[in-house]
Structure formats: structure tokens, C-alpha cells
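Q: Quick one, fold the following:
(one chain, ligands or ions: 2)
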Amino acid sequence: MAKSKRVHVAVGVIQNPDGDVFISRRHAHLHQGNKWEFPGGKVEADEDVYQALCRELFEECNITVQAAAPFTAISFDYPDKQVLLDVWVVTEFDGAVRQQEGQEWAWVPLHQLDAYPFPEANQPIIERLQAQTAR
Ligand SMILES: Nc1nc2c([nH]c(=O)n2[C@H]2C[C@H](O)[C@@H](COP(=O)(O)OP(=O)(O)OP(=O)(O)O)O2)c(=O)[nH]1
Ligand SMILES: [Mg+2]
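A: Residues are numbered from 1 along each chain as shown. Ligands and ions are numbered 1, 2, ... in the order given. You can find the predicted model right below:
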């Protein structure tokens, strides 16, 4: 399949002061439905990935991102879709995180992320987050 078919997705890792990560459960009818996800969505034609991250996190979580750092990028081929997950750690934001799209949500300690079924592409993201805080 042509490389141009790959969907570029901005993904945000949002942590609270305890280090717990905010995740939501994808609606059943969507691609990778019922799996848990980090907030985010597709980069639109008129924006760069950081703009997409800010827009998606406002739309989905009601926060205004003030600063974020690139964390990792995962290119993954599902049988039905090719994605590039452009993952950022949100380091500063205004507002209180609130799921805006009726999805189930949770704040989860890093070591408990394995208990939540994520899309296959997320596995290296989760491992890397957990490795950072392993002691
Ligand atoms: N947001 C997000 N998407 C993920 C993750 N892991 C993963 O494989 N994906 C995939 C699922 C989808 O194919 C794609 C993101 O699409 P999306 O449905 O969230 O896009 P969007 O928010 O722009 O939604 P829409 O406007 O198309 O309704 O990336 C993840 O952790 N977070
Ligand atoms: Mg989304």
C-alpha cells in the first residue's frame, strides 16, 4: 500500500502530580474499538502535529496544552489501517482534565497500564513509559 495512506496521529501522554496517566476507552464502532487509548487524533491537512495535539486534547479532554515534548513515534500497520502515532508527553497544561466525548476514562499508575487492553501499536509506548520510571 502507498506510504501516503498512513494516517498521522497526534497522541498525548497526560500525567497528574502522582504520575498517573489519563486514558480513555475508544467507542465500540471505531477502528480499534473498545481498546483503551491515550487522547489524540488525526493531524489535519492544515496543521502541524503540535497544533493537532493541542486541538485534540482540548476537544477530547478540555485542557489547553502549554508545553509538550516529543516522546516517541510509532509506525504500525494494522491489517485494515496504517498509522504513525506521534506521541508527546504533555509537560504543562491549563484546565482540569475531563473526558468530553462520553468515553469511559481512567487515571492509571504506569505499572498498571498492562491491565488495560490497548491497540497493538501502543505496546512500545507503554513499555517505554514504564522503563522511564523503573527503579
Ligand atoms: N488517539 C489515539 N489513537 C490511537 C492510539 N493507538 C492507536 O493505534 N490509535 C489509532 C486508532 C485510530 O486508527 C487512529 C486515531 O484515530 P482517532 O479515531 O482517534 O482520530 P480522531 O480523534 O481524529 O477521530 P475522528 O475525528 O476521525 O472521529 O490511531 C492511541 O493511543 N490514541
Ligand atoms: Mg481521537
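Q: and the residue of the chain found nearest ligand 1, what are its bridge partners?
A: Nearest residue of the chain to ligand 1 (C-beta to the nearest ligand atom) works out as Gly41 at 2.3 Å. Heads up, the C-betas are built off the backbone N, CA and C, glycines and all. Legend: beta-bridge partners of Gly41 under DSSP bridges are Ala10.
Q: who's in contact with it?
A: Going by C-beta atoms under 8 Å, 6 or more residues apart in numbering, Gly41 touches 9-10, 52, 56, 59-60.
Q: How many neighbouring residues does the nearest residue to Arg25 once chain neighbours are set aside have?
A: With sequence-adjacent residues excluded and distances taken as C-beta to C-beta, 6 or more residues apart in numbering, Arg25 is closest to Glu104, at 4.1 Å. Residues lying near Glu104 (other C-beta atoms under 10 Å) number 12.
Q: Give me the neighbour count for Ala121.
A: Residues near Ala121, counting by other C-beta under 10 Å: 20.
Q: Would you agree it is in contact with Tyr78?
A: Yes: counting by C-beta atoms under 8 Å, Ala121 touches Tyr78, with 7.4 Å between them.
Q: hmm, back to that, which of the contacts of Gly41 sits closest to Asp86?
A: Ala10 (5.5 Å; C-beta to C-beta).
Q: Count the neighbours of the closest one for me.
A: 28.
Q: Look up how far Val49 lies from it.
A: As judged by C-beta to C-beta, to the nearest Å, Ala10 and Val49 stand 5 Å apart.
Q: Mutual contacts of the two, please.
A: 43, 86, 88.
Q: And the contacts of the least confident helix or strand in the chain by mean pLDDT?
A: Least confident helix or strand, the chain: helix 123-133 with a mean of 94, by mean pLDDT, DSSP states H and E. Applying C-beta under 8 Å, 6+ apart, the contact partners of helix 123-133 are 11, 13, 19, 21, 38, 71-72, 74, 85, 87, 110-111, 113-114, 118.
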